[in-house]
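Undergrad: what follows is a predicted structure for the sequence shown.
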There are 2 protein chains.
Amino acid sequence: MLLEIDHHSGVPIYRQVIRQIRQQIMTEGLKEGDQLETVRDLAAKLKVNPMTISKAYSFLEAEELVERKRGIGLFVSKVKKGRLDRIKAKLLDTVLNRAAVTAIQLGIPEDEAVEIFKKQYREYDSQNRR
Amino acid sequence: MLLEIDHHSGVPIYRQVIRQIRQQIMTEGLKEGDQLETVRDLAAKLKVNPMTISKAYSFLEAEELVERKRGIGLFVSKVKKGRLDRIKAKLLDTVLNRAAVTAIQLGIPEDEAVEIFKKQYREYDSQNRR
DNA sequence: TATATTGTATTACTTGATTAATACACTATA
DNA sequence: TATAGTGTATTAATCAAGTAATACAATATA
């Protein structure tokens, strides 16, 4: 499991962990049944207190993306494809809604906003395509 | 000047003030030379400390949207239309970029993301049209 | 120039989020 | 059942953001 933590970004460590693991589950880099890295191992690797990792895992558990088994470890939950899609949709709705509200409040017409969105999409996509 | 503050939203008061006044300037509800409500008046109306309002105004000044005149008051700056457009564009770019990045990271194709954006736009627009 | 009105600088209080320390609980298995 | 490995509950320390109190500074004008 590959995680990149920026200790100086101002973004809390546990949120960086949450986001990255969630994304790996969303994109099936981590699949049902896969064991997450041990709380202590990940804490040591990131040079962070184990509770920080445990906290991050707690949020993922609350989203029902992982299951904790005391004494054993944490594992990626079985997530039905439909539910996974709904989670993705919800994440997406949140950011797209924010964008739409901003556009409307600034008086930007739909077409114009859509064009800018497409431009942003393509720019980021071309920079990060494998 | 009409401001609505939600004391229980978790969003800091000064940010709510900034956002709403900025928007009024962007949409020309407040125009060049208009005087902003007095620090003390607005503070009293919102039942908040004057420094909280002063802080909000400081940010607007940093954006060069308002000018402070000690002993007199604060006024909406002369903002060239071009610059105003650039400010709008920047605000919009920020939210649309965030949305695009999220979509890409979730593996959502451009077309699909655009459709959802349009849907969000129309929903909010129809709810808030005058 | 005295006063009322405007905004400001400095300082401190409060609160919540984040992180960490410590001791504890559960499980597999030698 | 002893031990090593797993996660956890509780508590405390730290830090930053937000807000407020107070005294101060600039301006217009009676």
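TA: Yep, it's here. Keep in mind it's a predicted model, so treat the numbers as computed, not measured.
Undergrad: other SSEs contacting the one helix or strand residue A:122 maps to?
TA: Assigned by DSSP states H and E, residue A:122 belongs to helix A:110-128. With contacts defined as 3 or more C-beta pairs under 8 Å, 6 or more residues apart in numbering or on different chains; DSSP states H and E, helix A:110-128 has these neighbours: helix A:81-105, helix B:81-105, helix B:110-128. For every residue, glycine as well, the C-beta is placed using N, CA and C.
Undergrad: so which of those comes closest to residue B:62?
TA: Checking the helices and strands packed on helix A:110-128 against residue B:62 by C-beta to C-beta gives helix B:81-105 as the closest, at 12.3 Å.
Undergrad: what's the helix or strand for the most centrally placed residue in chain A?
TA: Residue closest to the average C-alpha location in chain A (C-alpha atoms, centre = their mean): residue A:19, at 2.9 Å. Residue A:19 belongs to helix A:13-26 when assigned by DSSP H and E.
Undergrad: that helix and chain B in contact?
TA: Yes: judged by C-beta under 8 Å from any C-beta of the partner chain, helix A:13-26 comes into contact with chain B at A:23, A:26.
Undergrad: would CSV of the helices and strands packed on helix A:110-128 with distance to residue B:27 be doable?
TA: Below are those laid out as CSV (distance: least, C-beta to C-beta, whole Å):
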stretch, distance to residue B:27
helix A:81-105, 8
helix B:81-105, 10
helix B:110-128, 13
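Undergrad: now render the ones you listed as TSV, adding mean neighbour count.
TA: Formatted as TSV, the helices and strands packed on helix A:110-128 follow (neighbours: other C-beta atoms under 10 Å in any protein chain shown):
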stretch	mean neighbour count
helix A:81-105	17
helix B:81-105	17
helix B:110-128	16
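Undergrad: can I get those in TSV with mean pLDDT and distance to residue B:58?
TA: What follows is the helices and strands packed on helix A:110-128, written out as TSV (pLDDT from 0 to 100; distance: least, C-beta to C-beta, whole Å):
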stretch	mean pLDDT	distance to residue B:58
helix A:81-105	92	22
helix B:81-105	92	17
helix B:110-128	95	29
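Undergrad: quick one: closest of these to residue A:111.
TA: Closest approach to residue A:111 among these (C-beta to C-beta): helix B:110-128, 9.6 Å.
Undergrad: now the end-to-end length of stretch A:62-72.
TA: 19 Å (C-alpha to C-alpha, to the nearest Å).
Undergrad: can you list the buried residues in it?
TA: A:65-66, A:68 (16 or more other C-beta atoms under 10 Å in any protein chain shown).
Undergrad: DNA strand C: which of these is nearest?
TA: residue A:68 (10.2 Å; C-beta to the nearest atom of the strand).
Undergrad: quick check: that closest one touching residue A:60?
TA: No: applying C-beta atoms under 8 Å as the test, residue A:68 and residue A:60 come out as separate, 9.4 Å apart.
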